[in-house]
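Student: Sequence first, then the predicted structure, then my questions.
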Amino acid sequence: MEDTNLEQFASDNYSGICPEVLEAMIQANSGTAPGYGDDIYTAKASEKIREIFECDCEVFFVFNGTAANALSLASMCQSYHSVICHELAHIETDECGAPEFASNGSKLLLADGGNGKLNPTSIEELATKRVDIHYPKPKVISLTQSNEVGVVYSIQEIKAIKKIANKHNLKIHMDGARIANALVTLGCTPAEMTWKAGIDVLSFGGTKNGMAFGEAVVIFDKNLAEDFEYRVKQAGQLASKMRFISSQWLGLLENDVWLKNAKYANDMALYFASQLEDVKGVSLVFPVHANEVFLKLKSEVEVELKKRGWMSYAFIGRANRFVFSWNSSKERIDELVKDIKEIIQG
Ligand SMILES: *Cc1c(COP(=O)(O)O)cnc(C)c1O
(Lines give C-alpha, C1' and ligand atoms only; values in the text may rest on other atoms or scores of the structure.)
Protein backbone atom coordinates (compact mmCIF):
# COMPACT_ATOMS: atom_id res chain seq x y z
CA MET A 1 0.00 0.00 0.00
CA GLU A 2 1.25 3.48 -0.83
CA ASP A 3 1.72 6.09 1.87
CA THR A 4 -1.79 7.50 1.98
CA ASN A 5 -0.56 10.90 3.07
CA LEU A 6 1.18 11.48 -0.25
CA GLU A 7 -1.32 13.22 -2.47
CA GLN A 8 -2.27 11.33 -5.62
CA PHE A 9 -4.27 12.25 -8.70
CA ALA A 10 -5.57 8.84 -9.71
CA SER A 11 -9.16 9.86 -9.02
CA ASP A 12 -11.18 12.68 -7.51
CA ASN A 13 -12.49 10.25 -4.92
CA TYR A 14 -9.02 10.20 -3.36
CA SER A 15 -9.64 13.66 -1.93
CA GLY A 16 -11.23 14.27 1.44
CA ILE A 17 -14.35 16.08 2.57
CA CYS A 18 -14.36 19.81 1.88
CA PRO A 19 -14.59 22.03 5.00
CA GLU A 20 -18.06 23.40 4.25
CA VAL A 21 -19.48 19.88 3.99
CA LEU A 22 -17.74 18.70 7.14
CA GLU A 23 -19.03 21.74 9.00
CA ALA A 24 -22.58 21.03 7.82
CA MET A 25 -22.30 17.45 9.07
CA ILE A 26 -21.06 18.64 12.46
CA GLN A 27 -24.01 21.02 12.69
CA ALA A 28 -26.38 18.14 11.91
CA ASN A 29 -24.79 16.16 14.71
CA SER A 30 -26.23 18.32 17.49
CA GLY A 31 -29.32 16.93 19.14
CA THR A 32 -31.51 14.29 17.56
CA ALA A 33 -33.49 14.08 14.34
CA PRO A 34 -35.98 11.57 12.93
CA GLY A 35 -34.51 8.79 10.76
CA TYR A 36 -34.94 7.78 7.10
CA GLY A 37 -35.19 11.32 5.76
CA ASP A 38 -38.02 12.67 7.91
CA ASP A 39 -35.71 15.40 9.15
CA ILE A 40 -35.26 19.09 8.53
CA TYR A 41 -31.87 18.70 6.78
CA THR A 42 -33.30 16.35 4.17
CA ALA A 43 -36.28 18.64 3.58
CA LYS A 44 -33.98 21.63 3.18
CA ALA A 45 -31.55 19.79 0.89
CA SER A 46 -34.39 18.63 -1.39
CA GLU A 47 -35.72 22.19 -1.48
CA LYS A 48 -32.26 23.54 -2.27
CA ILE A 49 -31.93 21.12 -5.20
CA ARG A 50 -35.34 22.21 -6.51
CA GLU A 51 -34.19 25.81 -6.19
CA ILE A 52 -30.92 25.37 -8.10
CA PHE A 53 -32.68 23.40 -10.86
CA GLU A 54 -35.53 25.93 -10.93
CA CYS A 55 -37.94 23.05 -11.09
CA ASP A 56 -40.47 21.19 -9.00
CA CYS A 57 -38.54 17.92 -9.37
CA GLU A 58 -38.49 14.83 -7.15
CA VAL A 59 -35.28 14.27 -5.18
CA PHE A 60 -33.95 11.07 -3.57
CA PHE A 61 -30.69 10.58 -1.71
CA VAL A 62 -28.58 7.44 -2.06
CA PHE A 63 -25.11 6.39 -0.94
CA ASN A 64 -23.27 6.20 -4.26
CA GLY A 65 -23.30 6.73 -7.98
CA THR A 66 -23.75 3.13 -8.98
CA ALA A 67 -27.02 3.04 -7.04
CA ALA A 68 -28.12 6.41 -8.41
CA ASN A 69 -27.54 5.22 -11.98
CA ALA A 70 -28.95 1.73 -11.54
CA LEU A 71 -32.12 2.86 -9.75
CA SER A 72 -32.64 5.75 -12.17
CA LEU A 73 -32.44 3.45 -15.17
CA ALA A 74 -34.68 0.87 -13.48
CA SER A 75 -37.34 3.55 -13.05
CA MET A 76 -37.18 4.35 -16.77
CA CYS A 77 -37.19 0.78 -18.12
CA GLN A 78 -39.08 -2.45 -18.03
CA SER A 79 -36.97 -5.62 -17.96
CA TYR A 80 -37.50 -6.15 -21.70
CA HIS A 81 -36.22 -2.67 -22.58
CA SER A 82 -32.71 -1.52 -23.44
CA VAL A 83 -30.53 1.48 -22.64
CA ILE A 84 -28.31 3.10 -25.26
CA CYS A 85 -25.02 4.30 -23.81
CA HIS A 86 -21.43 4.88 -24.89
CA GLU A 87 -19.11 1.88 -24.77
CA LEU A 88 -16.96 3.72 -22.21
CA ALA A 89 -19.95 4.63 -20.00
CA HIS A 90 -19.52 4.04 -16.29
CA ILE A 91 -22.82 2.10 -16.27
CA GLU A 92 -21.20 -0.35 -18.71
CA THR A 93 -17.61 -0.50 -17.54
CA ASP A 94 -17.66 0.18 -13.80
CA GLU A 95 -20.91 -0.90 -12.19
CA CYS A 96 -20.64 -4.68 -12.22
CA GLY A 97 -23.96 -5.02 -14.03
CA ALA A 98 -25.90 -3.03 -11.41
CA PRO A 99 -28.19 -1.31 -13.95
CA GLU A 100 -29.15 -4.67 -15.46
CA PHE A 101 -29.57 -6.16 -11.98
CA ALA A 102 -31.75 -3.31 -10.66
CA SER A 103 -33.95 -3.37 -13.76
CA ASN A 104 -34.27 -7.16 -13.78
CA GLY A 105 -32.47 -7.50 -17.06
CA SER A 106 -32.75 -4.34 -19.17
CA LYS A 107 -29.86 -4.61 -21.60
CA LEU A 108 -27.25 -1.95 -22.30
CA LEU A 109 -26.67 -1.30 -26.00
CA LEU A 110 -23.21 0.12 -26.63
CA ALA A 111 -22.54 2.91 -29.08
CA ASP A 112 -19.19 4.22 -30.19
CA GLY A 113 -18.36 7.85 -30.80
CA GLY A 114 -15.31 10.11 -30.53
CA ASN A 115 -14.20 11.62 -27.22
CA GLY A 116 -16.39 9.25 -25.25
CA LYS A 117 -19.54 10.93 -26.55
CA LEU A 118 -22.76 9.59 -27.94
CA ASN A 119 -23.95 11.31 -31.09
CA PRO A 120 -27.26 11.28 -32.96
CA THR A 121 -25.92 8.94 -35.66
CA SER A 122 -24.60 6.31 -33.26
CA ILE A 123 -27.81 6.48 -31.24
CA GLU A 124 -30.05 6.20 -34.26
CA GLU A 125 -28.12 3.19 -35.55
CA LEU A 126 -28.84 1.31 -32.32
CA ALA A 127 -32.38 2.62 -31.95
CA THR A 128 -33.33 1.35 -35.39
CA LYS A 129 -31.13 -1.73 -35.66
CA ARG A 130 -33.94 -4.11 -34.81
CA VAL A 131 -37.65 -3.62 -34.38
CA ASP A 132 -38.70 -7.25 -33.98
CA ILE A 133 -39.97 -8.89 -30.83
CA HIS A 134 -36.77 -10.89 -30.33
CA TYR A 135 -34.67 -7.85 -29.44
CA PRO A 136 -34.87 -5.74 -26.24
CA LYS A 137 -36.74 -2.58 -27.14
CA PRO A 138 -34.66 0.62 -26.87
CA LYS A 139 -36.20 2.89 -24.24
CA VAL A 140 -33.53 5.11 -22.71
CA ILE A 141 -30.40 7.00 -23.71
CA SER A 142 -27.86 7.45 -20.93
CA LEU A 143 -25.16 10.08 -21.33
CA THR A 144 -22.47 11.19 -18.90
CA GLN A 145 -21.73 14.86 -18.20
CA SER A 146 -18.80 15.51 -17.93
CA ASN A 147 -18.02 12.14 -19.43
CA GLU A 148 -15.67 9.26 -18.64
CA VAL A 149 -12.84 10.83 -20.64
CA GLY A 150 -13.29 14.29 -19.16
CA VAL A 151 -15.15 15.73 -22.13
CA VAL A 152 -18.26 17.91 -21.89
CA TYR A 153 -21.33 17.76 -24.13
CA SER A 154 -22.44 21.20 -25.32
CA ILE A 155 -26.07 22.19 -24.81
CA GLN A 156 -26.52 21.98 -28.59
CA GLU A 157 -25.23 18.40 -28.57
CA ILE A 158 -27.63 17.42 -25.79
CA LYS A 159 -30.50 19.03 -27.67
CA ALA A 160 -29.54 17.16 -30.85
CA ILE A 161 -29.65 13.92 -28.85
CA LYS A 162 -33.04 14.96 -27.47
CA LYS A 163 -34.32 15.36 -31.03
CA ILE A 164 -33.37 11.76 -31.84
CA ALA A 165 -34.82 10.66 -28.51
CA ASN A 166 -38.16 12.24 -29.37
CA LYS A 167 -38.11 10.69 -32.83
CA HIS A 168 -37.69 7.20 -31.37
CA ASN A 169 -39.65 7.69 -28.16
CA LEU A 170 -36.61 7.37 -25.90
CA LYS A 171 -36.12 8.94 -22.49
CA ILE A 172 -32.81 10.48 -21.43
CA HIS A 173 -30.80 9.80 -18.29
CA MET A 174 -27.77 11.88 -17.37
CA ASP A 175 -24.96 10.42 -15.27
CA GLY A 176 -23.87 13.59 -13.51
CA ALA A 177 -21.16 12.19 -11.26
CA ARG A 178 -19.19 15.26 -12.41
CA ILE A 179 -21.99 17.57 -13.50
CA ALA A 180 -20.58 20.49 -11.50
CA ASN A 181 -17.37 20.38 -13.55
CA ALA A 182 -19.42 20.52 -16.76
CA LEU A 183 -21.57 23.40 -15.49
CA VAL A 184 -18.48 25.47 -14.75
CA THR A 185 -17.08 24.72 -18.21
CA LEU A 186 -20.25 25.68 -20.08
CA GLY A 187 -21.21 28.53 -17.78
CA CYS A 188 -24.87 27.64 -18.15
CA THR A 189 -27.50 27.05 -15.45
CA PRO A 190 -28.26 23.60 -14.03
CA ALA A 191 -31.72 23.87 -15.61
CA GLU A 192 -30.31 24.63 -19.06
CA MET A 193 -28.06 21.57 -18.91
CA THR A 194 -30.78 19.21 -17.74
CA TRP A 195 -34.55 19.41 -18.03
CA LYS A 196 -34.55 22.38 -20.39
CA ALA A 197 -32.35 20.35 -22.77
CA GLY A 198 -34.54 17.26 -22.41
CA ILE A 199 -33.02 15.27 -19.54
CA ASP A 200 -35.67 13.21 -17.70
CA VAL A 201 -33.62 11.83 -14.81
CA LEU A 202 -30.28 12.95 -13.38
CA SER A 203 -27.78 11.13 -11.18
CA PHE A 204 -26.43 14.13 -9.30
CA GLY A 205 -22.90 13.54 -8.02
CA GLY A 206 -21.75 14.81 -4.64
CA THR A 207 -18.87 12.54 -3.67
CA LYS A 208 -16.29 13.59 -6.24
CA ASN A 209 -17.17 17.23 -5.69
CA GLY A 210 -16.34 17.27 -1.96
CA MET A 211 -18.73 15.09 0.02
CA ALA A 212 -17.73 12.01 2.02
CA PHE A 213 -20.42 9.96 0.31
CA GLY A 214 -23.78 10.59 -1.23
CA GLU A 215 -25.42 11.13 -4.59
CA ALA A 216 -28.91 12.33 -5.40
CA VAL A 217 -31.40 11.13 -7.97
CA VAL A 218 -33.23 14.10 -9.44
CA ILE A 219 -36.33 13.14 -11.38
CA PHE A 220 -37.67 15.87 -13.69
CA ASP A 221 -40.35 13.75 -15.33
CA LYS A 222 -42.48 13.14 -12.26
CA ASN A 223 -44.23 10.11 -13.75
CA LEU A 224 -40.93 8.28 -13.38
CA ALA A 225 -40.80 8.96 -9.65
CA GLU A 226 -43.69 6.68 -8.79
CA ASP A 227 -42.70 4.36 -5.93
CA PHE A 228 -39.06 5.37 -6.32
CA GLU A 229 -38.66 5.48 -2.52
CA TYR A 230 -39.43 1.76 -2.46
CA ARG A 231 -36.68 1.08 -5.00
CA VAL A 232 -34.25 3.01 -2.81
CA LYS A 233 -35.21 1.07 0.30
CA GLN A 234 -35.23 -2.34 -1.39
CA ALA A 235 -31.79 -1.70 -2.84
CA GLY A 236 -30.40 -1.03 0.63
CA GLN A 237 -29.83 2.62 -0.23
CA LEU A 238 -32.15 4.29 2.30
CA ALA A 239 -29.89 5.79 4.96
CA SER A 240 -31.19 5.36 8.46
CA LYS A 241 -29.34 8.46 9.70
CA MET A 242 -30.22 10.25 6.48
CA ARG A 243 -29.34 13.65 7.86
CA PHE A 244 -25.64 12.88 7.48
CA ILE A 245 -26.11 12.53 3.73
CA SER A 246 -28.54 15.41 3.27
CA SER A 247 -26.68 17.88 5.49
CA GLN A 248 -23.62 17.32 3.29
CA TRP A 249 -25.66 18.48 0.32
CA LEU A 250 -26.53 21.67 2.18
CA GLY A 251 -22.85 22.31 2.87
CA LEU A 252 -22.05 21.76 -0.79
CA LEU A 253 -24.88 23.68 -2.41
CA GLU A 254 -25.20 26.71 -0.14
CA ASN A 255 -23.03 29.63 -1.29
CA ASP A 256 -22.23 27.74 -4.52
CA VAL A 257 -19.46 25.74 -2.86
CA TRP A 258 -20.03 22.94 -5.38
CA LEU A 259 -19.28 25.27 -8.30
CA LYS A 260 -16.29 26.78 -6.53
CA ASN A 261 -14.93 23.25 -5.91
CA ALA A 262 -15.50 22.24 -9.52
CA LYS A 263 -13.90 25.39 -10.89
CA TYR A 264 -10.79 24.84 -8.81
CA ALA A 265 -10.57 21.21 -9.95
CA ASN A 266 -11.01 22.18 -13.60
CA ASP A 267 -8.39 24.92 -13.27
CA MET A 268 -5.90 22.45 -11.83
CA ALA A 269 -6.49 20.03 -14.72
CA LEU A 270 -5.84 22.83 -17.20
CA TYR A 271 -2.75 23.88 -15.27
CA PHE A 272 -1.36 20.32 -15.28
CA ALA A 273 -2.03 19.93 -19.01
CA SER A 274 -0.47 23.30 -19.81
CA GLN A 275 2.72 22.38 -17.92
CA LEU A 276 3.20 19.39 -20.24
CA GLU A 277 2.15 21.09 -23.44
CA ASP A 278 5.60 21.40 -25.02
CA VAL A 279 7.08 18.19 -23.65
CA LYS A 280 8.00 15.76 -26.42
CA GLY A 281 6.80 12.23 -25.71
CA VAL A 282 3.67 13.33 -23.86
CA SER A 283 0.39 13.83 -25.63
CA LEU A 284 -3.17 14.46 -24.60
CA VAL A 285 -5.51 11.67 -25.66
CA PHE A 286 -8.67 13.71 -25.06
CA PRO A 287 -9.30 17.45 -24.87
CA VAL A 288 -9.31 18.80 -21.32
CA HIS A 289 -12.81 20.15 -20.70
CA ALA A 290 -13.25 19.41 -17.01
CA ASN A 291 -11.10 17.98 -14.18
CA GLU A 292 -9.52 14.99 -15.94
CA VAL A 293 -6.36 14.72 -18.02
CA PHE A 294 -5.53 11.63 -20.09
CA LEU A 295 -1.90 11.27 -21.10
CA LYS A 296 -0.37 8.99 -23.67
CA LEU A 297 2.97 7.94 -22.21
CA LYS A 298 5.54 5.41 -23.37
CA SER A 299 5.37 2.23 -21.32
CA GLU A 300 8.88 2.86 -19.86
CA VAL A 301 7.65 6.22 -18.61
CA GLU A 302 4.57 4.62 -17.13
CA VAL A 303 6.68 2.05 -15.29
CA GLU A 304 9.12 4.63 -13.96
CA LEU A 305 6.32 6.90 -12.73
CA LYS A 306 4.90 3.97 -10.84
CA LYS A 307 8.34 3.25 -9.34
CA ARG A 308 8.43 6.83 -8.13
CA GLY A 309 5.16 6.23 -6.31
CA TRP A 310 2.65 7.86 -8.65
CA MET A 311 -0.72 6.18 -8.95
CA SER A 312 -2.85 6.38 -12.08
CA TYR A 313 -5.56 4.38 -13.77
CA ALA A 314 -4.85 3.28 -17.31
CA PHE A 315 -7.95 1.28 -18.20
CA ILE A 316 -9.96 4.05 -19.85
CA GLY A 317 -9.01 4.83 -23.43
CA ARG A 318 -5.65 3.09 -22.82
CA ALA A 319 -4.22 6.31 -21.42
CA ASN A 320 -2.93 7.37 -18.01
CA ARG A 321 -5.62 9.31 -16.24
CA PHE A 322 -4.99 12.11 -13.77
CA VAL A 323 -7.95 13.69 -11.99
CA PHE A 324 -8.02 16.85 -9.92
CA SER A 325 -10.32 17.84 -7.12
CA TRP A 326 -11.39 20.69 -4.85
CA ASN A 327 -8.12 20.65 -2.92
CA SER A 328 -5.47 19.37 -5.32
CA SER A 329 -2.24 21.09 -4.37
CA LYS A 330 -0.32 22.94 -7.04
CA GLU A 331 2.99 22.00 -5.42
CA ARG A 332 2.20 18.33 -5.76
CA ILE A 333 1.11 18.83 -9.39
CA ASP A 334 4.47 20.50 -10.00
CA GLU A 335 6.21 17.47 -8.51
CA LEU A 336 4.34 15.18 -10.88
CA VAL A 337 5.21 17.38 -13.85
CA LYS A 338 8.86 17.45 -12.78
CA ASP A 339 8.97 13.66 -12.51
CA ILE A 340 7.38 13.18 -15.93
CA LYS A 341 9.85 15.61 -17.51
CA GLU A 342 12.83 14.05 -15.73
CA ILE A 343 11.89 10.55 -16.81
CA ILE A 344 11.36 11.53 -20.42
CA GLN A 345 14.27 13.91 -20.80
CA GLY A 346 16.69 11.85 -18.69
C1 LIG B 1 -17.47 7.86 -10.03
C2 LIG B 1 -18.51 7.75 -11.06
C3 LIG B 1 -19.80 7.28 -10.74
C4 LIG B 1 -20.19 6.81 -9.35
O5 LIG B 1 -19.46 5.73 -8.89
P6 LIG B 1 -19.64 5.13 -7.43
O7 LIG B 1 -18.30 4.56 -7.13
O8 LIG B 1 -20.68 4.07 -7.51
O9 LIG B 1 -20.06 6.21 -6.51
C10 LIG B 1 -20.74 7.26 -11.75
N11 LIG B 1 -20.46 7.68 -12.99
C12 LIG B 1 -19.24 8.15 -13.33
C13 LIG B 1 -18.99 8.63 -14.72
C14 LIG B 1 -18.22 8.19 -12.38
O15 LIG B 1 -17.01 8.64 -12.73
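Tutor: Thanks, I have the structure now.
Student: Leaving out sequence neighbours, find the closest residue to the closest residue to the ligand within the stretch 151-300 of the chain.
Tutor: The nearest approach of the stretch 151-300 of the chain to the ligand comes at residue 177, 3.5 Å away (Cβ to the nearest ligand atom). (Glycine included, C-beta is placed from N, CA and C.) Nearest in space to residue 177, with sequence neighbours left out and distances taken as Cβ to Cβ, 6 or more residues apart in numbering, is residue 205 at 3.8 Å.
Student: Next, work out how far apart the residue of the stretch 151-300 of the chain closest to the ligand and residue 145 are.
Tutor: 9 Å (Cβ to Cβ, to the nearest Å).
Student: now residue 298
Tutor: For residue 298, the distance to residue 145 equals 32 Å [Cβ to Cβ].
Student: So for these two, which sits in the more crowded spot?
Tutor: Using other Cβ atoms under 10 Å, the more surrounded residue of residue 298 and residue 145 is residue 145, with 28 against 12.
Student: Now do the contacts for the more buried one.
Tutor: Residue 145 is in contact with 152, 153, 158, 174, 175, 176, 178, 179, 182, 193, counting by Cβ atoms under 8 Å, 6 or more residues apart in numbering.
Student: Repeat that for residue 327.
Tutor: 15, 16, 18, 264.
Student: From the residues you listed, keep the buried residues only.
Tutor: Buried by 16 or more other Cβ atoms under 10 Å: 15, 18, 264, out of the contacts of residue 327.
Student: Let me see the domain layout of the chain.
Tutor: 19-255, 257-345 (automatic domain parsing).
Student: and the shortest one, how far from the chain's centre?
Tutor: When distances are taken as Cα atoms, centre = their mean, to the nearest Å, domain 257-345 is centred 19 Å away from the chain's centroid.
Student: circling back: include mean pLDDT when you put the domains of the chain into a markdown table, please.
Tutor: A markdown table is the format used below for the domains of the chain (pLDDT from 0 to 100):
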| stretch | mean pLDDT |
| --- | --- |
| domain 19-255 | 98 |
| domain 257-345 | 94 |
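Student: winner for burial among those domains?
Tutor: domain 19-255 (a mean of 20; mean count of other Cβ atoms under 10 Å).
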